[in-house]
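In: Give me a model of this one.
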Amino acid sequence: MNKGKEFEGKRVTYCTLGCKLNFTETSHIGRALSERGMQTVEEGEQADYCVVNTCSVTELADKKSRQMIRRLHREHPGAKIIVTGCYAQLRPEEIAKMEGVDLVIGAKDKGRLIEYLLSDFGAQTSDHGHIIHSKIENVEGFSHSVSSEGRTRHFLKVQDGCDYHCSYCTIPKARGKSRNGRIEDLVSEAAKVAHEGGKEIVLTGVNVGDFGRSTGDKFIDLVRALDEVEGIYRFRISSIEPNLITDEIIKVVANSKRFAPHFHIPLQSGCDDILKLMRRRYNRELFRHKVELIKSILPDAFIGVDVIVGMRGETPEYFEDAYCFIESLPISKLHVFSYSERPGTDALNIDYVVDTQDKQARSQRLIALSEEKHKAFYATQTGTVRKALLEHSDEGEWLYGFTENYIRIRVPYDEALQGEVVSIRVGECLVEDPEVCSAELIL
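Out: Down below sits the predicted model:
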């Protein structure tokens, strides 16, 4: 067997759940296995290995992970199933007892997956898969990873872990303490993406704004360094905490050459009393300041906001207070999540519980508010001239893409324009899909 082709003739399938950070890590694993001869199976083909990268941010995420494992066991009988990710770190014994699971790898050893495959960890015992697991306090290293989405948009992992301990969240227990890559290494990764033809990079992490914990840098240092990478048309910041998006960062992005006027800022609740129960590190007036500063400097910026509905302690009065605050903000879209109780979190000590029906009703109100705000934002952009990065497509009717301020547009299909940045004039929202606007090419 050729050195470096240890998996020649072997086939693998990958399944990833959860955040973009998980997808970048799966992509890194896949690239490393491919370099060693492993082939990714096509739909309907049998795999020798199934790699599952799990999520555990909600109870539903745990359930989807279990369903995925069971499906793979049915569809790929005889394949070795390897499970990693947040669920694997938090509940390894539970996963290892599932039929068909051969190996469960926790957060510390995820980057050594190939090493364990080469060691031939063996078949599943009668009632338990093999577990490689360490206490989350021992997770220290940072592993680099980059993934691509349709060959036009790439995701660059710049940070991992979280030192915040919000009362509802298990991520610090699943990902460990905040840590990051070195700026020079991340700049090198971005330059490699540019060399391979990539035009857009999204910076991802668990708590991106906390960048620098393990290297002594600041997030703004990374932004300034990446802004000088030739060949990348634009960068986006995936999500950044309100208390970490400093006024200076906003101003640097506004005057940058490559950073898009697109911000994703988690609010979680518009009620200060609930923010305290959540142990968030800001109040709503700080949040308002950040949003209004962005809009004063970049009036056409897209601002997406995460909100959790139905948190323990969220009385009807607190929800109405939050709703009115969110309604007053000049934001572009809400990402609404229903609160999910997670074992071991301090939120379980809060007495007031929102019942499922009320939680659903509140969620629907916020989703409706989001649709109104998104439509209103798009309306302000009708007729404006923007740059859009058109996605690769196998379809023969339309090409889709995003403008710098995150308006999804479509233009008539032209194979030569796939993956290209073009000038367009934004049209009206489509009747059949209000999330997309028509667009006119400006040649």
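In: just for the chain, where's the confidence low?
Out: In the predicted model, the chain carries pLDDT under 70 at residues 1-3, 120-127, 149-150.
In: Okay, helices next: where are they in it?
Out: Counting by DSSP state H, the chain forms helices over residues 20-35, 59-75, 86-90, 92-96, 113-118, 171-175, 183-195, 219-226, 247-254, 272-278, 284-297, 316-328, 356-381, given from the N-terminal end onward.
In: CA-only coordinates of the fourth one, as CSV, when you get a sec.
Out: Included here for helix 92-96 are C-alpha records, laid out as CSV according to Å, rounded to 0.1, in the frame of the first residue of the first chain:
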residue,chain,number,x,y,z
PRO,A,92,-20.8,9.4,25.2
GLU,A,93,-22.2,6.4,27.1
GLU,A,94,-25.7,6.9,25.8
ILE,A,95,-24.4,7.0,22.2
ALA,A,96,-22.1,4.0,22.6
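In: I would like the residues contacting it, please.
Out: When contacts are taken as C-beta atoms under 8 Å, 6 or more residues apart in numbering, the neighbours of helix 92-96 outside the stretch itself are 54, 65-66, 69, 83, 87-88, 101, 104, 106, 128-131, 133. To be clear about C-beta, it is placed using only N, CA and C from the backbone, and glycine gets the same treatment.
In: Tell me which residues touch the nearest residue to Gly231 once chain neighbours are set aside, please.
Out: In space, not counting the residues next to it along the chain, Gly231 is nearest to Ala194; the distance is 3.0 Å by C-beta to C-beta, 6 or more residues apart in numbering. Taking C-beta under 8 Å, 6+ apart, we find Ala194 in contact with Val229, Glu230, Gly231, Ile232.
In: ok, now with 10 Å
Out: Under the criterion of C-beta atoms under 10 Å, 6 or more residues apart in numbering, the contact partners of Ala194 comprise His154, Ile201, Val229, Glu230, Gly231, Ile232, Tyr233.
In: Check Ser147 too.
Out: 16, 20-28, 30-31, 153-157, 202, 204 are the contacts of Ser147 under C-beta under 10 Å, 6+ apart.
In: Mind checking which of these are buried?
Out: Buried subset of these (neighbour count, 16 or more other C-beta atoms under 10 Å): 16, 20-28, 30, 153-157, 202, 204.
In: so what's His335 bridging to?
Out: Per DSSP bridges, the residues bridged to His335 are Asp306.
In: wait, isn't it in contact with Asp306?
Out: Yes: His335 is in contact with Asp306 according to C-beta atoms under 10 Å; the separation is 4.8 Å.
In: Please enumerate the shared neighbours of the two.
Out: Overlap between the neighbourhoods of His335 and Asp306 consists of Ser239, His264, Pro266, Leu267, taking contacts as C-beta under 10 Å, 6+ apart.
In: In contact with Lys387, which residues?
Out: 233-234, 260, 401-405, 421-424, 442.
In: Among these, which one is most surrounded by other residues?
Out: The residue in those with the most neighbours, by other C-beta atoms under 10 Å, is Gly401 (27 neighbours).
In: What is the neighbour count of Arg258?
Out: A count of nearby residues for Arg258, using other C-beta under 10 Å, gives 21.
In: what's the distance between it and Asp227?
Out: 5 Å (C-beta to C-beta, to the nearest Å).
In: same deal with Asn255?
Out: 10 Å.
In: again, but for Gly78
Out: According to C-beta to C-beta, Gly78 stands 50 Å off from Asp227.
In: Name the residue in those two with the higher neighbour count.
Out: Residue environment comparison for Gly78 versus Asp227 gives the larger neighbour count to Asp227, 16 against 10, counting by other C-beta under 10 Å.
In: need the contact list for that one.
Out: Applying C-beta under 10 Å, 6+ apart as the definition, the contact partners of Asp227 turn out to be Phe235, Val252, Val253, Asn255, Ser256, Lys257, Arg258, Phe259.
In: Report the buried members of these.
Out: Phe235, Val253, Ser256, Arg258, Phe259.
In: Okay, and which of those map to strands?
Out: With DSSP state E as the criterion, strands contain Phe235 from among those.
In: will you turn the buried ones among the contacts of Asp227 into CSV that also has distance to Gln357?
Out: As requested, the buried ones among the contacts of Asp227 are arranged in CSV below (distance: C-beta to C-beta, whole Å):
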residue, distance to Gln357
Phe235, 42
Val253, 42
Ser256, 46
Arg258, 47
Phe259, 43
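In: and of the buried ones among the contacts of Asp227, the nearest to Tyr168?
Out: Using C-beta to C-beta, Val253 comes nearest to Tyr168 of the buried ones among the contacts of Asp227, at 29.2 Å.
In: Tell me what the closest residue to the closest one other than its chain neighbours is bridged to.
Out: If you skip the residues right next to it in sequence, Val253 has Phe259 as its closest partner in space, 4.5 Å away by C-beta to C-beta, 6+ apart. With DSSP bridges applied, Phe259 shows beta-bridge pairing to Phe235.
In: residue contacts, Phe259?
Out: Under the contact definition (C-beta under 10 Å, 6+ apart), the residues listed for Phe259 are 203, 223-224, 226-227, 234-237, 249, 252-253, 404.
In: which residues does Asp355 contact?
Out: With contacts defined as C-beta under 10 Å, 6+ apart, Asp355 is in contact with Gly310, Ala361.
In: cool, Pro412 as well?
Out: Neighbouring residues of Pro412 by C-beta under 10 Å, 6+ apart: Glu397, Trp398, Leu399, Ala439, Glu440, Leu441.
In: And the fourth one, how far from Thr403?
Out: It refers to Ala439. With C-beta to C-beta as the criterion, Ala439 and Thr403 are 9 Å apart.
In: next one: phi and psi at Ala47?
Out: phi -100, psi 150 (degrees, to the nearest 10).
In: how about the nearest residue to it, chain neighbours excluded?
Out: The spatial neighbour of Ala47 that comes closest, neighbours along the chain excluded (C-beta to C-beta, 6+ apart), is Thr13 at 4.3 Å.
In: does the one you found really touch Val51, like I thought?
Out: Yes: counting by C-beta under 10 Å, Val51 is a contact partner of Thr13 at 7.5 Å.
In: Settle it for me: which of the two has more neighbours?
Out: More crowded of Thr13 and Val51, by other C-beta under 10 Å: Val51, with 26 against 21.
In: That one bridge partners, please.
Out: The bridge-partner assignment for Val51, based on DSSP bridges, gives Tyr14, Ile82.
In: Could you pull up the residues touching it?
Out: Taking C-beta under 10 Å, 6+ apart as the definition, contacts of Val51 comprise 12-16, 26, 29-30, 33, 38, 72, 80-85, 103, 105, 113, 117.
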